[in-house]
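**Q** model this:
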Amino acid sequence: MVMANLLKISEAASLALHTMVYLAANDGRLVTTHEIGELLRVSEAHLAKVLQRLARVRLVDSTRGPKGGFCLAKAGDDISLLEVYEAIEGPLQDSVCLLGKPVCQGDKCILGDLLETVNQLAREYLAGTTLSDLTDVYGRIQDGKAQKDNQD
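**A** Numbering: from 1, shown residues only. Take a look at the predicted model:
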């Protein structure tokens, strides 16, 4: 028997979220799969598949060629984390049971309203957070390298 995690995000969705925030931090320039792959320490092939899905739903634009790369298709302020997540995973489904199927005989869950609360908080955070809200995660970008600002 396998129990579901309270908050489980697939590797592809996590990769999409991190990539999109990085693209927002690099607004105004094309970013290569090699650069993103190196930063996130992931396979460029897997990353390319994720970027293709994001391009298909018009969240990113791509330019081919030696000077090509990816950029956001619209402003980072206009893209929520929920949009990115759903581009990869489909509509966000609420978790209703840790076992994957209700087995409790009563009207109540043994966890009370915990799952409902976690679902609501996760949805609100993803829907209410834009890529631009998170660009400082990667620090200041200079020549394709993330650099943290030293503010002592």
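**Q** Point to the residue nearest the middle of this structure.
**A** residue 17 (1.7 Å; C-alpha atoms, centre = their mean).
**Q** you'd agree that one is in a strand?
**A** No: Residue 17 is assigned helix when assessed by DSSP: H, G, I helix; E, B strand; the rest coil, not a strand.
**Q** can you pull out the helices in the protein?
**A** 11-25, 33-40, 44-56, 81-89, 114-128 (DSSP state H).
**Q** My guess is residue 78 contacts residue 133. True?
**A** No: taking contacts as C-beta atoms under 8 Å, residue 78 lies outside contact range of residue 133: 11.9 Å. To be clear about C-beta, it is placed using only N, CA and C from the backbone, and glycine gets the same treatment.
**Q** one step back: contacting residues for the residue nearest to the centre of the chain?
**A** Residue 17 sits next to 9, 81, 84, 85 when contact means C-beta atoms under 8 Å, 6 or more residues apart in numbering.
**Q** where does the first one land on pLDDT?
**A** Reported pLDDT at residue 9 in the predicted model: 87.
**Q** Could you do the last one as well?
**A** Model confidence at residue 85, expressed as pLDDT, equals 97.
**Q** can you tell me how far the closest residue to it other than its chain neighbours sits from residue 67?
**A** In this structure, residue 85 finds its nearest non-sequential neighbour in residue 13, 5.4 Å apart by C-beta to C-beta, 6 or more residues apart in numbering. Remark: distance between residue 13 and residue 67 (C-beta to C-beta, to the nearest Å) = 29 Å.
**Q** what's the answer for residue 117, then?
**A** For residue 117, the distance to residue 67 - C-beta to C-beta - is 48 Å.
**Q** on that earlier part again, can I get the helices of the chain in a markdown table with distance to residue 137?
**A** Shown next, in a markdown table, are the helices of the chain (distance: least, C-beta to C-beta, whole Å):
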| stretch | distance to residue 137 |
| --- | --- |
| helix 11-25 | 6 |
| helix 33-40 | 11 |
| helix 44-56 | 18 |
| helix 81-89 | 12 |
| helix 114-128 | 15 |
